[in-house]
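Chemist: sequence and computational prediction follow.
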Amino acid sequence: MATPEGGDARIGRTGVSGFMSRERPNLTPELQRRLILTYETVAMFGPGASADFTNVHACLPENALVIYWPEVAWGLDAASDLNMTKGSVLRSTLQAYNPTREPVWTGLYYDATASNWTITFQKPVDWQGRHLFTPSLDVSLNDLIANVVDGAPDGTYDMILSRDGKLVAYPKGLHGLPEDAGQINVAQTGNPALSSVYRRLQQRDPDFADQANVEFDPALDAYVASTRIAGPGWWLVTVHPKAQVEARALRSAGSVLILIAVLFGAFILTAIIVLRTSVSKPIRKLTQASHYVADGHYGSVAGSDHDLPVRRDDEIGTLARSFRRMADKIENMRTGLERTVAERTMQLELANQQLLDQSRKDSLTGALNRRAFDQDLRQGMLDASEGTCIVLALFDVDFFKPYNDHYGHVAGDRALEKVVAQIGAALPGASIYRYGGEEIAAIVPCSATDGAQGAVEAAVRAVAGIAIPHAKSPTGKLTVSAGAMKIPEDVADSEQDRRAVLEAVDKALYAAKDAGRNRSEWLS
């Protein structure tokens, strides 16, 4: 397959890939037309706009995306169960969260599919009051975030703050944050230094707010340099401890004295050598190279940019060769340090993601745990209140205590693993949780209530179908009972409503048990 130079063979000729989540409405003819028009629009305008941005893409409120990104097959790499409407990026374009339909800069967030720290500029497009799609541009901030978060060994550190008091980046400040958020309020950090810096930025004269500024902060005993970043309107702030500035000033004064002494000696030497031979040009080259070294341009000196007189056999040639070797060693050390820091940062990000995944999993069954259930149920109720069909089901293993007493806890654990596997296979697209002990919960996105009801009944039959022997059960095999209901659209985001939904489903579960077990009851 022909691809753009540097592209991914999976993306195709145009560099465009697409994604539609399992969690979406029915694929109606109207939605199909919008998907095709979105694809054609991105394919047409993407190559022209992506030169200045990481990529060009367009999102649909039905949990779909078309993207022009020749280097990354984003639409193919995205997780099949990814629900973009749960993230802050797509959510900020929905009519419920952006009623004025204004273009927005998102906050900083981590794109897990492309492993990229990103901000997005997007403009929702409506027609006759209906949200059709949202064209968007991504800007990668991987390098900026890495530089800010690394900090400096001499006590100097950088930070990025938003105008509304959000902490975008801060030394050691991103590693504990969830990667789908990336920002916290300055007030939430409990750090008086951050609060002091933010108050000073707020008190700046509006006429000079976008100009670079340096002030001494007595509360921090440090000099604070700040400037506004165009676009998202963030402040980039650098804090220099007073003691460090004074130490640098003393070192600079000493370096100036040393440089004066060296230059004076060089002047005397030049005056003597000029009487014997013409060396003014090599001396000028060495002087120019020394300024580049002082400014940190080691690579320029280590290369051949300055045409140093390294082939001369006299003292000047020896000095030029030593000078170039010194610059070359420093440049290699700097490059190696940057590479090491980048590798360590990537390893830490991967470790943080693994810890986050592990914190949501039940170690025995591999299902999601109670903590993940509480989080996802709240989101499911929010989706239901916006018109999405969401079903909550509870499964309970029948006569499980007698099973454990008769066969032992090890056999009980293996049986639970098989039960969870059967329920998950019978409910594709659902999130399966170990709710507690032998109780299994499922949050099922659905297109129709009757289809979800049939799926729950199929899950009950699937468990009975594997025929795990159970001598203490009237059926002679291990079975489950289930209670389920469609979460009503009039629920509120409150603990009281969540408890009411759980109690209703639990009531349906016990109705199934009272009716003889190995069956499901549906609460209308």
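Modeler: Yes, it's here. What you see is a predicted model, and the numbers here were worked out from it, not measured in a lab.

Chemist: tell me where the stretch 101-250 of the chain has strands.
Modeler: Ranges of strands within the stretch 101-250 of the chain are 104-105, 109-111, 116-122, 125-127, 130-140, 157-161, 166-169, 184-185, 213-217, 222-229, 234-241, based on DSSP state E, counting those that start in this stretch.

Chemist: just send these back as CSV, with mean neighbour count and mean pLDDT too.
Modeler: In short, each C-beta sits where N, CA and C put it, glycine included. Shown next, in CSV, are the strands of the stretch 101-250 of the chain (neighbours: other C-beta atoms under 10 Å; pLDDT from 0 to 100):
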stretch, mean neighbour count, mean pLDDT
strand 104-105, 17, 86
strand 109-111, 21, 75
strand 116-122, 21, 84
strand 125-127, 11, 92
strand 130-140, 19, 89
strand 157-161, 22, 77
strand 166-169, 23, 71
strand 184-185, 15, 70
strand 213-217, 14, 81
strand 222-229, 18, 81
strand 234-241, 20, 80
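
Chemist: quick one, which of those is nearest to residue 441?
Modeler: strand 109-111 (28.2 Å; C-beta to C-beta).

Chemist: and that closest one, which strands flank it?
Modeler: Looking at strand 109-111 with DSSP bridges, its partner strands are strand 116-122 (antiparallel).

Chemist: please compute how far the partner strand lies from its chain's middle.
Modeler: Relative to its chain's centre, strand 116-122 lies at 10 Å (C-alpha atoms, centre = their mean, to the nearest Å).

Chemist: about what we covered before: make a markdown table out of the strands of the stretch 101-250 of the chain and add distance to residue 63.
Modeler: A markdown table is the format used below for the strands of the stretch 101-250 of the chain (distance: least, C-beta to C-beta, whole Å):
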| stretch | distance to residue 63 |
| --- | --- |
| strand 104-105 | 19 |
| strand 109-111 | 16 |
| strand 116-122 | 15 |
| strand 125-127 | 17 |
| strand 130-140 | 12 |
| strand 157-161 | 31 |
| strand 166-169 | 26 |
| strand 184-185 | 27 |
| strand 213-217 | 44 |
| strand 222-229 | 31 |
| strand 234-241 | 29 |
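
Chemist: among these, which is nearest residue 430?
Modeler: Nearest to residue 430 among these is strand 109-111; the distance by C-beta to C-beta comes to 25.5 Å.

Chemist: centre of the chain to the closest one, how far?
Modeler: Offset of strand 109-111 from its chain centre (C-alpha atoms, centre = their mean): 2 Å.

Chemist: swap in stretch 23-32?
Modeler: In terms of C-alpha atoms, centre = their mean, the centre of stretch 23-32 is found 28 Å from the chain centre.

Chemist: contacts made by it with the rest, please.
Modeler: Contacting residues not belonging to stretch 23-32 are listed as 20, 60, 62-64, 81, 83, 85, 429, 445, 447 [C-beta atoms under 8 Å, 6 or more residues apart in numbering].

Chemist: kindly recompute the last result at 7 Å.
Modeler: 62-64, 83, 445, 447 (C-beta atoms under 7 Å, 6 or more residues apart in numbering).

Chemist: right, and the strands of the stretch 101-250 of the chain - which one's nearest residue 393?
Modeler: Set against residue 393 and scored by C-beta to C-beta, the strands of the stretch 101-250 of the chain come closest in strand 130-140, at 31.0 Å.

Chemist: the closest one pairs with which strands?
Modeler: For strand 130-140, pairing defined by DSSP bridges yields strand 55-60 (antiparallel), strand 116-122 (antiparallel), strand 125-127 (antiparallel).

Chemist: any stretches of the stretch 51-200 of the chain with poor pLDDT?
Modeler: By pLDDT under 70, the weakly predicted segments of the stretch 51-200 of the chain are 51, 143-154, 169-184, 189.

Chemist: would you state the helices of it in chain order?
Modeler: Secondary structure of the stretch 51-200 of the chain, counting by DSSP state H, counting those that start in this stretch: helices at 74-77, 88-91, 142-150, 186-189, 192-202.

Chemist: got the buried residues for stretch 73-81?
Modeler: Using 16 or more other C-beta atoms under 10 Å as the test for burial, stretch 73-81 gives 73-75, 78.

Chemist: typo on my end, stretch 494-505
Modeler: Buried residues in stretch 494-505 (16+ other C-beta under 10 Å): 497-498, 501-502, 504-505.

Chemist: re the thing from before, now render the contacts of stretch 23-32 as CSV, adding neighbour count and distance to residue 484.
Modeler: Converted to CSV, these look like this (neighbours: other C-beta atoms under 10 Å; distance: C-beta to C-beta, whole Å):
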residue, neighbour count, distance to residue 484
62, 20, 25
63, 21, 23
64, 23, 28
83, 17, 21
445, 22, 14
447, 12, 16
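
Chemist: of the residues you listed, closest to residue 375?
Modeler: Minimum distance to residue 375 across those is 13.0 Å, recorded for residue 83 (C-beta to C-beta).

Chemist: residues in contact with that closest one?
Modeler: Contacts for residue 83 (C-beta under 7 Å, 6+ apart) come out as 21, 23, 63.

Chemist: quick check, nearest of these to residue 136?
Modeler: Distance to residue 136 across those (C-beta to C-beta) is lowest for residue 63, with 14.9 Å.

Chemist: hang on, isn't that closest one packed against residue 85?
Modeler: Yes: using C-beta atoms under 7 Å, residue 63 is in contact with residue 85, at 5.4 Å.

Chemist: the helix ranked longest in the chain vs strand 116-122, what angle?
Modeler: In the chain, with assignment by DSSP state H, the single longest helix is helix 315-359. Angle, helix 315-359 to strand 116-122, by axes from the mean of the first three to the mean of the last three C-alpha atoms, to 10 degrees: 80 degrees.

Chemist: centre of the chain to helix 315-359, how far?
Modeler: That offset, for helix 315-359, works out to 24 Å (C-alpha atoms, centre = their mean).

Chemist: what's the next secondary structure element after it?
Modeler: Scanning forward in sequence from helix 315-359 by DSSP states H and E, the next helix or strand is helix 370-385.

Chemist: so which elements touch the helix or strand following that next one?
Modeler: The helix or strand immediately downstream of helix 370-385 is strand 390-397, counting by DSSP H and E. With contacts defined as 3 or more C-beta pairs under 7 Å, 6 or more residues apart in numbering; DSSP states H and E, the packing partners of strand 390-397 are helix 370-385, strand 439-445, strand 480-486, helix 495-514.

Chemist: possible to save these as TSV with distance to residue 36 and mean pLDDT?
Modeler: Formatted as TSV, those follow (distance: least, C-beta to C-beta, whole Å; pLDDT from 0 to 100):
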stretch	distance to residue 36	mean pLDDT
helix 370-385	26	93
strand 439-445	24	95
strand 480-486	32	96
helix 495-514	39	94
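
Chemist: any chance of those in CSV, plus distance to residue 396?
Modeler: Shown next, in CSV, are these (distance: least, C-beta to C-beta, whole Å):
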stretch, distance to residue 396
helix 370-385, 15
strand 439-445, 5
strand 480-486, 5
helix 495-514, 6
